[in-house]
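Make a model of this:
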Amino acid sequence: MPDLFHSLLKQDIGHLRIIAEFWGLELESTTVDEAREELSASLLDLNLLTELMDSLSPQADLAITDLVNSEGRIAWSTFARKYGDIREMGAGKRDRERPHLKPASTSETLFYRGLLARAFFETDKGSQEFAYIPDDLLLLIESHKEDEPPVATEALGRPASPGEKGQETLANDSILDDATTLLAALRMGKTLESASSLHSQGVLAEIQKHTLTGTRASGLHSLLTAAKLIKKNTIQTDTVKVFLESSRTDALKMLQDAWLESTSFNELKLMPGIICEGEWTNSPQETREFLLNLLDAIPEGKWWSLNAFVREVKTKYADFQRPAGDYDSWFIKRTADGQYLRGFAYWDQVDGALIKYFITDILHYLGQVDLSISEGASEPTAFRIPTPESRIASIENKTINISSQGLISIPRLAPRVVRYQVSRFCEWEEPKEDVYRYRVTTNSLTKAKEQGLKAEQLLALLIKHTNNKVPPALVKALKRWEVNGTEARVETQVILRLSKPEVLEEMRKSKAAKYLGDVLSPTTVIVKSGAIQKVMEALTELGLLAEDLTEEK
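Sure, this is the predicted structure:
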């Protein structure tokens, strides 16, 4: 592999000065060639290297250890998947945005310190790109690490005790069903900001079966954004089409990969029970990589104590998400009482809680972890990483059912793309067990028409996916609605009943006339919506006292 000097050949003087700054050096050279030579010679100092290595985060140190254990180089695709990518940018953009001060990944942290380079090398399979440590620097790092134990070579914590095991909740792919519902809701013009009233609107009510409310809804929205399925609240139709038409296995992997690679999905700021305030930033991708590396050491298929795992992380890697052990600059407030959780004393409520949330919510929701709750406990006490053989791949082979009253029942394992399409034409009703339920109404068809959808499209969908078993009455109703629109209407009206026709005539000649609707009989008339009080006042002015029965229970 190239040495440090040749690894820096493509870097401008600005990049060289960034590296020097991290090493506590000040370059005296004014040309890039002289600066490269000066920097290469200066960095090969074991004392300086030791100081720099000691300042690295656990994630960065783990990445260096992986490279050292792999003879100094790892295929770039493998390294980037585990430790994140390096953003491409020219010198001008780099100097403006200063990415070295806010690295988006562990790879960037090492790259701007001169500890990591990338290049193409010849292999048995042809030219391949690698992440590597320059040869002369690698010798120094190996010397520095020869007395250090490998990081996370043993699983932290211990197997779960019998008392920590109880009711099991196995990993599944229900996130795909929640994603389908959320995508359909957004496609219908609903926004996540109305999450608190989603149930009352009938929107996303079905998803509450899977506890997708509040923070879970925000997390899914953030994940779908990372997966490029939505942008803000706008559906990205091409990507969504691919996602919905993919097998459940492939669709789940799309979400998992998007999460792994995302620099914007922030587990800490999505965690329930806390509010993050201020302009400070954390590095969610680096934290994610570090925790996943610790979990990789836990044997698959074995129940593991959640509390024991968290305790040992606190003992060995307490600063896993805190640059330089800073517990004071992050303004994190507890939702319950407004208490600010600053200082190491609150590690369990913030950092420890994040580890639990990461395992029991994020990883479980992504179908990667089984959970167990012991008797009497209110939250998971043990977790298990399933073996590849134990993962159940769901198949979307169920068919939909339709009643003559217009109720459409769609099993969870019916094709997601069909449910996404059908739901846009219907009112959403509460689900029953693993069946989503929708009802065709004139109101839903009108809203669908406003989006450019036609009743005949719904009919074609239903015929195709029920093997032509659509009730004749519904077929007739949809065809008539397409031609005639709404032909019947059920309404709730306020009725004013008067004792004599003369009184009604007097009302119609008074200023109260504008509050009256259709006349139903000589002594009965409809009161327009919201005008009850105005009509009551007008009657009083005419010398009549009216009894308001609308307030009766």
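
which residues of the stretch 51-200 of the chain fall in helices?
With DSSP state H, counting those that start in this stretch as the criterion, the stretch 51-200 of the chain has helices at 58-69, 76-83, 91-97, 106-111, 135-145, 174-187, 198-201.

Please identify which of those helices is closest to residue 4.
helix 135-145 (5.2 Å; Cβ to Cβ). Every residue, glycine included, has its C-beta placed from N, CA and C.

List the contacts of that closest one.
Contact with helix 135-145 is made by 1-4, 43-44, 46, 49-50, 53, 64-65, 67-68, 72, 114-115, 133, as judged by Cβ atoms under 8 Å, 6 or more residues apart in numbering.

Now stretch 267-278: buried residues?
Neighbour counts over stretch 267-278 (16 or more other Cβ atoms under 10 Å) mark 267-268, 270-271, 274, 276 as buried.

now do stretch 528-548
For stretch 528-548, by 16+ other Cβ under 10 Å, it's 531-532, 535-536, 538-539.

Run through who's touching it.
Residues contacting stretch 528-548 (Cβ under 8 Å, 6+ apart): 494, 496, 503, 506-507, 510-512, 515-517, 527, 550.

now swap in stretch 114-125 and tell me
1-2, 4, 7-8, 19, 22-23, 39, 43, 52, 63-64, 67, 73, 76, 86, 107, 110-111, 127-134, 137, 141.

Which helix or strand in the chain has the lowest average pLDDT?
The helix or strand of the chain with the poorest confidence is helix 198-201; it has a mean of 32 (mean pLDDT, DSSP states H and E).

following it, which helix or strand comes up?
helix 215-226 (DSSP states H and E).

circling back to that earlier point, what is the lowest-pLDDT residue among the buried residues of stretch 528-548?
Within these, pLDDT reaches its minimum at residue 539, with 76.

which SS class is it?
Following DSSP: H, G, I helix; E, B strand; the rest coil, the label given to residue 539 is helix.

Offset the numbering so it begins at 37, please.
Yep, numbering from 37; the last one is residue 575 now.

And it, how far from residue 551?
11 Å (Cβ to Cβ, to the nearest Å).

before we move on, what about residue 309?
51 Å.

now do residue 255
Residue 255 is 49 Å from residue 551, by Cβ to Cβ.

Check residue 375 too.
Distance of residue 375 to residue 551, computed by Cβ to Cβ: 54 Å.

circling back: can you say which of the helices of the stretch 87-236 of the chain is nearest to residue 318?
Going by Cβ to Cβ, the one of the helices of the stretch 87-236 of the chain nearest residue 318 is helix 94-105, 12.1 Å.

and the closest one with helix 171-181, angle?
Relative orientation of helix 94-105 versus helix 171-181 (axes from the mean of the first three to the mean of the last three Cα atoms, to 10 degrees): 110 degrees.

Under a three-state scheme, what state does residue 562 occupy?
Criterion first, three-state DSSP; result for residue 562: strand.

residues contacting it?
529-532, 552-556.

try 7 Å this time
Residues counted as contacts of residue 562 (Cβ atoms under 7 Å, 6 or more residues apart in numbering) are 529, 531, 553-554, 556.

Could you find the closest non-adjacent residue to it?
residue 553 (3.6 Å; Cβ to Cβ, 6 or more residues apart in numbering).

how many other residues sit next to the one you found?
For residue 553, the count of nearby residues is 15 (other Cβ atoms under 10 Å).

so it is in which element?
strand 552-557.

Go ahead and produce PDB holding the CA coordinates of that strand.
Taking C-alpha atoms only, strand 552-557 is exported to PDB below (Å, rounded to 0.1, in the frame of the first residue of the first chain):
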ATOM      1  CA  LEU A 552     -83.900  30.000   7.600                       C
ATOM      2  CA  GLY A 553     -83.600  27.200   5.000                       C
ATOM      3  CA  ASP A 554     -86.100  25.100   3.200                       C
ATOM      4  CA  VAL A 555     -89.700  25.200   4.400                       C
ATOM      5  CA  LEU A 556     -90.900  21.600   5.100                       C
ATOM      6  CA  SER A 557     -94.600  22.500   6.000                       C
END
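
for that strand, packing partners?
Under the contact definition 3 or more Cβ pairs under 7 Å, 6 or more residues apart in numbering; DSSP states H and E, strand 552-557 sits against strand 560-563.

Partner strands of the strand it packs on, with direction?
Strand 560-563 has the following strand partners under DSSP bridges: strand 530-533 (antiparallel), strand 552-557 (antiparallel).

Would you reformat these as TSV and include distance to residue 118 and mean pLDDT?
Shown next, in TSV, are the strands paired with strand 560-563 (distance: least, Cβ to Cβ, whole Å; pLDDT from 0 to 100):
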stretch	distance to residue 118	mean pLDDT
strand 530-533	67	85
strand 552-557	70	86
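
hey, which of those is tucked in deepest?
Compared across the strands paired with strand 560-563, strand 530-533 shows the largest average neighbour count, a mean of 16 (mean count of other Cβ atoms under 10 Å).

Report the backbone C-alpha coordinates of that one in CSV.
Extracted as CSV, the C-alpha positions of strand 530-533 are listed here (Å, rounded to 0.1, in the frame of the first residue of the first chain):
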residue,chain,number,x,y,z
VAL,A,530,-82.1,21.6,13.0
ILE,A,531,-85.9,22.0,12.6
LEU,A,532,-87.9,25.0,13.8
ARG,A,533,-91.5,24.0,14.6
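
Next SSE downstream of it?
Next along the chain after strand 530-533, taking DSSP H and E as the criterion, comes helix 537-545.
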